[in-house]
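Novice: Sequence plus predicted model, see below.
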Amino acid sequence: MNCVIYVDNDNIKFSKYEKIILDKFKNYNVTVKIFINENDLSNLDHITKKKHNLFLCNTPSKSKNSADISLTIECVDDIYSVKYDTFIIISNDTDFIPLCKRIHTENKKCILCYDGNFHSYLNEIYDETYDLSELLKIDNEEKELEKERQKEIIKQEEEKKQQKIEKQIQMELKKNNEIKKINKLSQHKKNQLSPILEEIFNNNINKMAINQFQKILDKKKIDYRKDALGHKIKYKKYLQLFISNNKYIINELDYIFLKI
């Protein structure tokens, strides 16, 4: 649907309500016509001047008749065109009631937007009426609610981020504690083997078969069938883990050698 918006800018400043007006009628194909005096025109930003149709209404006297007359003439011309289905008047004036009735004679829709005192009988004349100040209030409240929602979302994200960091720290602590535990248990295993190896290799022996060493461990009741965490392990793997590599080495023929 095509609609045309007529703004009595002397009566209601379009710049104040532009966003909510265009948002309210976003489902229409909108043309905006602003009837404005020279002083207000100079205060409009460049984008608004380029975007909308401006009608300069000079008012030598303090009267606003010039804008009302210009708006009415333009609207009458548009009524008899096939361009628009809906006519929207932005004004607090009741002077446009005859214009609304003329629009209705052509079976076209007429809407009033106001921000001042409102007479309830206008609801019977116009197809729809909207209080711009109320729409602006609702819009501002929604913005505030959205800000609060965004703050809450950011807060929740920060909390999740913090929880993730704390979880990672706890995991790292747990991992470090596990490593310390394994190192401690591994050192215990090494401490069991070290004096036995010292005793053997201090007796002018430079090598020993691992199966021979196994018999010694059996006599000393050293459990070589489990690793530091108590998991089952092969005997040779046990020796490779817990014999000090700084002093001893196990070769491919399964002999333990004292490093030279």
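Specialist: That came through, no problem. Numbering: from 1, shown residues only.
Novice: and V7, that one's in a strand?
Specialist: Yes. According to DSSP: H, G, I helix; E, B strand; the rest coil, V7 belongs to a strand.
Novice: just checking, it touches F14?
Specialist: Yes. Counting by Cβ atoms under 8 Å, F14 is a contact partner of V7 at 4.5 Å. To be clear about C-beta, it is placed using only N, CA and C from the backbone, and glycine gets the same treatment.
Novice: Comparing the two, which shows the higher neighbour count?
Specialist: Each of V7 and F14 has its neighbours counted (other Cβ atoms under 10 Å); V7 has more, 29 against 20.
Novice: Can you give me the distance of the more buried one to H52?
Specialist: From V7 over to H52 the distance is 8 Å, taken as Cβ to Cβ, to the nearest Å.
Novice: intersection of neighbour lists for these two?
Specialist: 14, 32-34 (Cβ atoms under 8 Å, 6 or more residues apart in numbering).
Novice: Now do the shared contacts for V7 and F14.
Specialist: 32, 34, 36, 90.
Novice: and the first one, bridged to which residues?
Specialist: Here V32 shows beta-bridge partners I5, assigned using DSSP bridges.
Novice: domains in this protein, as residue ranges please.
Specialist: 2-126, 146-258 (automatic domain parsing).
Novice: Tell me the predicted confidence for I250.
Specialist: In this model, I250 is scored at 90, pLDDT.
Novice: Hmm, it is touching A209, no?
Specialist: No. Under the criterion of Cβ under 8 Å, I250 makes no contact with A209, lying 10.3 Å away.
Novice: list residues touching both of the two?
Specialist: With Cβ under 8 Å, 6+ apart, I250 and A209 have common neighbours I256.
Novice: Compare these two and say which is more crowded by neighbours.
Specialist: I250 (16 against 12).
Novice: N92: what's it in contact with?
Specialist: For N92, the contacting residues are 8, 11-12, 114-117, by Cβ under 8 Å, 6+ apart.
Novice: Can you tell me the SS state at it?
Specialist: Applying three-state DSSP: N92 is coil.
Novice: Kindly report the same for C3.
Specialist: What three-state DSSP gives for C3 is strand.
Novice: pLDDT score for it?
Specialist: On pLDDT, C3 comes in at 94.
Novice: what's around it, how many residues?
Specialist: Look at C3: counted by other Cβ under 10 Å, it has 20 neighbours.
Novice: check contacts around it.
Specialist: Listed by Cβ under 8 Å, 6+ apart, the contact set of C3 reads 25, 28-31, 84-88.
Novice: how far away is it from T86?
Specialist: From C3 to T86 the distance is 4 Å (Cβ to Cβ).
Novice: Need the residues touching each of the two.
Specialist: In contact with both C3 and T86: Y28, using Cβ under 8 Å, 6+ apart.
Novice: which non-adjacent residue is nearest K247?
Specialist: Distances taken as Cβ to Cβ, 6 or more residues apart in numbering put K259 closest to K247, at 5.7 Å, once the chain neighbours are dropped.
Novice: Perfect, that will be all.
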